[in-house]
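[1] after the sequence you'll find the predicted model.
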Amino acid sequence: MNKVVLLFFVIITPFAMAQKLNSPNNQLELKVGVNKIGRPYYSLLYKNKAVVETSFLGLVLKQTNTLAADFEIKNHAIKTVNEKWNPVLGEQKEITNHFNELTVELFQKTTQRKMNIVFRLFDEGLAFRYEIPAQEKLNYFVISDETTQFALTEDYKVFWIPGDYDSQEYVYNETKLSEIDVTKLDMNNGIGMKGPMAKSRIQSPVMLKSPSGMYVNIFEAAVVNYPIMHLDVDTSTFLMQSHLVPNAIGDKAYLQAPANTPWRTIMVSDDARKILASKMTLNLNEPSKIEDTSWIKPMKYVGIWWEMHVGKATWDYAGSQNAQMAQDAELKPTGKHGATTENTKKYIDFAAKHGFDGVLVEGWNVGWEDWFGNWKENVFDFVTPYPDFNVEEVKKYAQSKGVKMIMHHETSGSVANYERRLDRAFSFMKKHNYDAVKTGYVGKIIPRGEWHDGQTMVNHFNWVVERAAEYKIMINSHESSRPTGVHRTYPNYIAAEAARGNEFNAWSVGNPPAHETILPFTRFLGGPMDYTPGIFEIKMSHYDAAKKEQVHTTLAKQLALYVTIYSPLQMAADLPENYERYPDAFQFIKDVEVDWDDTRILEAEPGDFVTIARKTKGKETWFLGAITDENPRSTEITVDFLTPGKKYKATIYQDGKDAHWEKNPKAYTIKTIEVTAKSKIKLNLAAGGGTAISFFPL
């Protein structure tokens with residue numbers, strides 16, 4: 001999997017003064033040292049301009065001395081790595097991992113303890129982490145805090161969501177750093193379960209833009225056996241400090257030396273496109289631990305899902321949809337249950353007819369009548385179907401049509417129950433020919449008192465992926481902690497939700513038109529997202545005249561999302577009958593690929609617009625997606641990413657002249673032209689609109 005070309009040199013010397021390190025292209029400069037009382041610090045410059053001023057580093061240990069002061073620097077080591085590797089699934093065939101690394105060995109004089117801080121400078125940013133080597137004076141220890149600082153220099157524009165321990169499903173706010181105030185947010189936003197929050201605590205990744213046009217992104221990578229990092233913001237000084245999500249008794253992490261924290265990352269550029277193109281997060285994760293990856297396949301799928309969100313069907317057999325029926329209530333079918341054998345066969349037929357790989361079925365298993373809101377432990381057993389869902393019959397029918405089934409495991413937050421039953425659930429999947437599962441974690445966590453973003457749950461999410469790999473099962477997690485590139489290490493972690501998805505448009509205030517232009521700069525930096533695009537019937541009044549909810553995009557933008565949102569697992573989320581009414585637009589969803597040899601970020605501005613082109617894995621076809629926020633946009637792109645000398649048929653799916661995300665969302669036009677690498681194409685995007693283009697060689 002990995003092709004390695006190392007340019008490697010090491011310098012090891014003791015030093016007392018600040019040490020400097022430059023990025024490979026010399027545009028970033030790092031300074032590292034300790035101050036008079038032995039506090040480690042760093043600062044970062046980009047093109048000789050301060051990005052992060054002197055910021056202190058350290059760990060606070062429970063019931064013992066902190067690892068934050070009284071240090072001296074014993075040694076340092078510098079090395080350069082330049083290697084290439086090939087992801088199993090991804091946005092490009094080959095990834096370059098090129099950085100300069102500085103390891104600073106610290107010695108705490110009063111305790112005789114050792115701690116290393118490792119810094120890596122890539123062309124696009126800085127990463128650093130704490131490493132606790134094996135030592136006599138420190139073995140088992142508890143992290144009660146982390147004092148990592150990011151001292152920003154200006155009152156940046158910032159795209160942020162609250163630092164909620166339990167949910168990332170918020171609309172992004174666009175303010176200045178000085179204006180961050182969680183208490184001013186409207187919390188009537190459709191999120192069913194919210195965790196603790198603080199006035200100026202926000203989640204990472206956080207995207208920032210300076211008044212001078214510099215883009216900064218603060219995030220983390222390779223979160224393993226450690227809680228998720230949020231950020232406490234001093235709105236007057238613009239200082240950010242790490243805030244680790246606690247466990248049920250207030251501790252942050254239990255570790256044993258040798259141990260290390262996740263990487264803290266700071267991406268910097270004066271070109272927003274370079275933030276999106278960065279593979280720094282992936283590069284900071286370990287290579288794949290799965291030797292045989294031949295069973296890990298991209299998937300385009302349909303499923304019994306959206307019909308429940310729009311009120312046409314229910315998850316539960318009894319058809320109540322209230323999730324809290326009395327446990328001893330007699331379950332009488334009402335005809336609204338979605339996951340029936342007959343309905344599943346219709347989706348299988350649709351998938352087979354139109355070339356989709358899989359079918360997801362939610363609500364197939366007993367327990368949906370009473371599963372949410374009561375901190376109930378034993379809800380689902382993951383193996384018992386409702387009376388109207390014949391697992392064996394569905395299996396044989398799907399096999400006869402060449403379609404794979406996708407399992408659904410909603411845990412209702414009862415992780416203890418899921419872990420007890422996991423092996424039996426995975427064995428059941430393999431017996432019935434399911435190679436992928438969508439997991440869900442709606443509700444308060446059991447073990448009680450734990451949070452979705454704490455160390456216990458991070459370990460659970462990672463452990464489920466590891467266990468699934470033993471069964472050759474792919475994971476698509478929903479309501480999990482947000483990904484941090486761990487899918488490099490376990491490429492069967494094919495997708496996740498961990499952000500505000502498309503379903504919020506069906507029954508809440510929805511997602512504003514800018515939402516999908518912000519996600520590439522935030523959530524997507526950690527890994528692929530199962531956003532569930534492709535909704536054609538935009539307004540929910542299509543199902544009920546009294547409903548005012550709607551998707552906040554045009555139909556053409558829903559097509560473009562298949563390119564701007566990277567995921568090797570992509571759902572055509574609307575109902576089959578809705579696609580059959582628009583076969584010409586549906587053709588793009590049928591054509592678009594989900595695994596890529598190359599990706600080009602053509603245009604990008606967080607909160608405003610994104611234009612991306614991708615080349616199909618192993619083919620000469622390309623696909624382009626362009627999206628905008630609530631403002632209409634006209635632009636012209638050069639298609640010089642195409643192979644020189646070749647002619648291509650470009651099919652352009654675009655907003656109609658009078659299209660508007662709210663007033664006229666389904667207005668679209670389709671045209672076909674012939675292009676070469678020298679051609680230019682004008683794009684006219686409606687308010688909340690988009691353009692999708694397929695390029696097939698002639």
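    Cool, got the structure. Residues are numbered from 1 along each chain as shown.

[2] check contacts around Tyr648.
    For Tyr648, the contacting residues are 622, 639, 642, 674-676, 695-698, by Cβ atoms under 8 Å, 6 or more residues apart in numbering. For the C-beta atoms, the positions are set from N, CA and C on the backbone; glycine is no exception.

[3] what pairs with it across the strands?
    Taking DSSP bridges as the rule, Tyr648 bridges to Val675, Pro697.

[4] from Phe696, how far off is it?
    6 Å (Cβ to Cβ, to the nearest Å).

[5] and the pLDDT at the residue sitting furthest away from the middle of the chain?
    Distance from the centre of the chain peaks at Thr110, with 42.4 Å (Cα atoms, centre = their mean). pLDDT for Thr110: 93.

[6] what about the helices in the stretch 501-650 of the chain?
    Using DSSP state H, counting those that start in this stretch, the helices of the stretch 501-650 of the chain run over 504-507, 515-518, 555-564, 576-580, 583-591.

[7] how far away is the closest residue in space to Gly443 that isn't next to it in sequence from Met457?
    Nearest residue to Gly443 in three dimensions, chain neighbours excluded: Gly413, at 3.5 Å (Cβ to Cβ, 6 or more residues apart in numbering). Gly413 sits 10 Å away from Met457, going by Cβ to Cβ.

[8] and the strands in the stretch 301-450 of the chain?
    358-361, 404-410, 434-440 (DSSP state E, counting those that start in this stretch).

[9] tell me how far the residue lying closest to Ile406 once chain neighbours are set aside lies from Glu479.
    With Cβ to Cβ, 6+ apart as the criterion, Ile406 has its nearest non-adjacent residue at 4.2 Å, and that residue is Leu360. From Leu360 over to Glu479 the distance is 16 Å, taken as Cβ to Cβ.

[10] which of the two has more residues huddled nearby?
    Taking other Cβ atoms under 10 Å, Leu360 and Glu479 do not tie; Leu360 has more neighbours (26 against 22).

[11] wait, the more buried one touches Gly303, no?
    Yes. Counting by Cβ atoms under 8 Å, Gly303 is a contact partner of Leu360 at 3.0 Å.

[12] Phe24: how many residues sit nearby?
    Just so we're on the same page, residue 24 is Pro rather than Phe. By other Cβ under 10 Å, the residues close to Pro24 number 16.

[13] I'd like the next helix or strand past the helix-or-strand element of the chain with minimal mean pLDDT.
    Across the helices and strands of the chain, the lowest-confidence element by mean pLDDT, DSSP states H and E is strand 11-13, at a mean of 41. Next helix or strand after strand 11-13 toward the C-terminus (DSSP states H and E): strand 19-22.

[14] which residues touch that next one?
    With Cβ under 8 Å, 6+ apart as the test, strand 19-22 has contacts from 28-33, 76, 78, 100, 102, 104, 119, 121.

[15] contacting residues for Leu30?
    20-22, 42-44, 102, 119, 121, 126.

[16] which one of those has the most neighbours?
    Busiest of the contacts of Leu30 [other Cβ under 10 Å] is Tyr42, holding 28 neighbours.

[17] just give the nearest non-adjacent residue to it, would you?
    Among residues not flanking Tyr42 along the chain, Val32 sits closest, at 4.9 Å (Cβ to Cβ, 6+ apart).

[18] poorly predicted segments of the protein, please.
    For the chain, applying pLDDT under 70 flags the ranges 1-17, 326-329.

[19] tell me which of Gly413 and Met457 has more neighbours.
    Taking neighbours as other Cβ under 10 Å, Gly413 and Met457 compare with Gly413 leading, 28 against 25.

[20] for the more buried one, phi and psi?
    As for Gly413, its main-chain torsions (degrees, to the nearest 10) stand at phi 80, psi 0.

[21] if I pick it, what's in contact with it?
    193, 375, 441-446, 479.

[22] repeat for Ser567
    Listed by Cβ under 8 Å, 6+ apart, the contact partners of Ser567 are 495, 528-531, 594.

[23] what helix or strand is the closest residue to Phe128 other than its chain neighbours on?
    Closest residue in space to Phe128, ignoring its immediate chain neighbours: Phe119 at 4.5 Å, by Cβ to Cβ, 6+ apart. Assessed by DSSP H and E, Phe119 sits inside strand 113-122.

[24] and the helix or strand that comes right after that strand with strand 113-122, angle?
    Remark: after strand 113-122, the chain's next helix or strand is strand 125-132, criterion DSSP H and E. Counting by axes from the mean of the first three to the mean of the last three Cα atoms, to 10 degrees, strand 125-132 lies at 160 degrees to strand 113-122.

[25] how about the strands in the stretch 1-150 of the chain?
    Using DSSP E, counting those that start in this stretch, strands in the stretch 1-150 of the chain cover 2-3, 11-13, 19-22, 28-34, 40-46, 49-56, 59-61, 71-85, 95-108, 113-122, 125-132, 140-146, 149-152.

[26] how about the strands in the stretch 551-698 of the chain?
    All strands of the stretch 551-698 of the chain, identified by DSSP E, counting those that start in this stretch, fall at 569-571, 596-605, 609-616, 622-628, 633-638, 648-655, 668-675, 680-685, 690-697.

[27] so which bits of the longest one are buried?
    Same thing as strand 596-605. Across strand 596-605, burial judged by 16 or more other Cβ atoms under 10 Å covers 596-597, 599-604.

[28] with stretch 459-478 instead?
    Those would be 460-462, 464-466, 468-469, 471-478, for stretch 459-478 by 16+ other Cβ under 10 Å.

[29] same thing with stretch 77-94?
    By neighbour count on 16+ other Cβ under 10 Å, the buried set for stretch 77-94 is 78-79, 81, 83, 85, 87-92.

[30] stretch 352-370 now?
    Buried residues in stretch 352-370 (16+ other Cβ under 10 Å): 352, 354, 356-370.

[31] ok, the residue nearest to Asn343 when sequence neighbours are not counted to Gly125 distance?
    Spatial nearest neighbour of Asn343, chain neighbours left out: Ile304 (6.3 Å); criterion: Cβ to Cβ, 6+ apart. To Gly125, Ile304 is 42 Å away according to Cβ to Cβ.

[32] nearest to Ala222 among the contacts of Ser567?
    Nearest to Ala222 among those: Pro528, at 16.5 Å, using Cβ to Cβ.

[33] so the closest one touches Ile494, yeah?
    Yes. Using Cβ under 8 Å, Pro528 makes contact with Ile494 at a distance of 7.1 Å.

[34] so among the contacts of Tyr648, which ones count as buried?
    622, 639, 642, 675, 695-696.

[35] any idea how far stretch 654-665 is from the middle of the chain?
    Taking the mean of its C-alpha atoms, stretch 654-665 sits 29 Å from the chain's own mean (Cα atoms, centre = their mean, to the nearest Å).

[36] same deal with stretch 205-217?
    How far stretch 205-217 lies from its chain's middle: 20 Å, per Cα atoms, centre = their mean.

[37] what's the first-to-last distance across it?
    End-to-end distance of stretch 205-217: 7 Å, with Cα to Cα, to the nearest Å as the criterion.

[38] mind listing what's buried in it?
    Buried residues in stretch 205-217, counting neighbours by 16+ other Cβ under 10 Å, are found at 205-210, 214-217.

[39] got these as CSV, with secondary structure and distance to Pro387 columns?
    Below are those laid out as CSV (DSSP: H, G, I helix; E, B strand; the rest coil; distance: Cβ to Cβ, whole Å):
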residue, secondary structure, distance to Pro387
Pro205, coil, 45
Val206, strand, 49
Met207, strand, 49
Leu208, strand, 54
Lys209, strand, 56
Ser210, coil, 61
Met214, coil, 61
Tyr215, strand, 55
Val216, strand, 56
Asn217, strand, 50
